[in-house]
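> just the structure for this:
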Amino acid sequence: MISTFVFSSIHENYFITAINIFKDNIFIGAGPKSYGWLSCLPKHQLDRLSCTTHPHNFYIQLLAETGIV
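The predicted structure is shown next:
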């Protein structure tokens, strides 16, 4: 069976959760160190494993928390 995940299914959950946070705050971001509590909101998470303190990727976390500007 061929895996369709980039790294692992759990890490992919973290990335998708970060992208969902980014989509709500594209320009100014969600704020520094906000990923931890935003990832636990049902609005952003995929499942219970999405709730974590950081997405295990510096660039994805920076994008979600600071936005484009």
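> make it CA atoms for all contacts and neighbour counts henceforth
Noted.
> show the pLDDT at the residue nearest the centre of the chain.
The centroid of the chain falls nearest to residue 18 when counting by CA atoms, centre = their mean (1.6 Å). pLDDT for residue 18: 93.
> look up which helix or strand it falls in, please.
helix 9-24 (DSSP states H and E).
> ok so, going back, hmm, the residue nearest to the centre of the chain is touching residue 60, no?
Yes. Taking CA atoms under 8 Å as the definition, residue 18 is a contact partner of residue 60 at 6.5 Å.
> that older thread, contacts for the next helix-or-strand element following the helix holding residue 18, please.
Counting by DSSP H and E, the element after helix 9-24 in chain order, helix or strand, is helix 35-38. Under the contact criterion CA atoms under 8 Å, 6 or more residues apart in numbering, helix 35-38 has outside partners 18, 21, 44, 51-55, 61, 64-65.
> how about 10 Å then?
17-18, 20-21, 30, 44-45, 50-55, 61-62, 64-65 (CA atoms under 10 Å, 6 or more residues apart in numbering).
> quick one: buried ones out of these?
Buried members of the contacts of helix 35-38, scored by 16 or more other CA atoms under 10 Å, are 17-18, 20-21, 30, 44-45, 50-52, 54-55, 61-62, 64-65.
> on that earlier part again, my read: the residue nearest to the centre of the chain touches residue 44, true?
Yes. With contact defined as CA atoms under 10 Å, residue 18 counts as touching residue 44 (8.0 Å).
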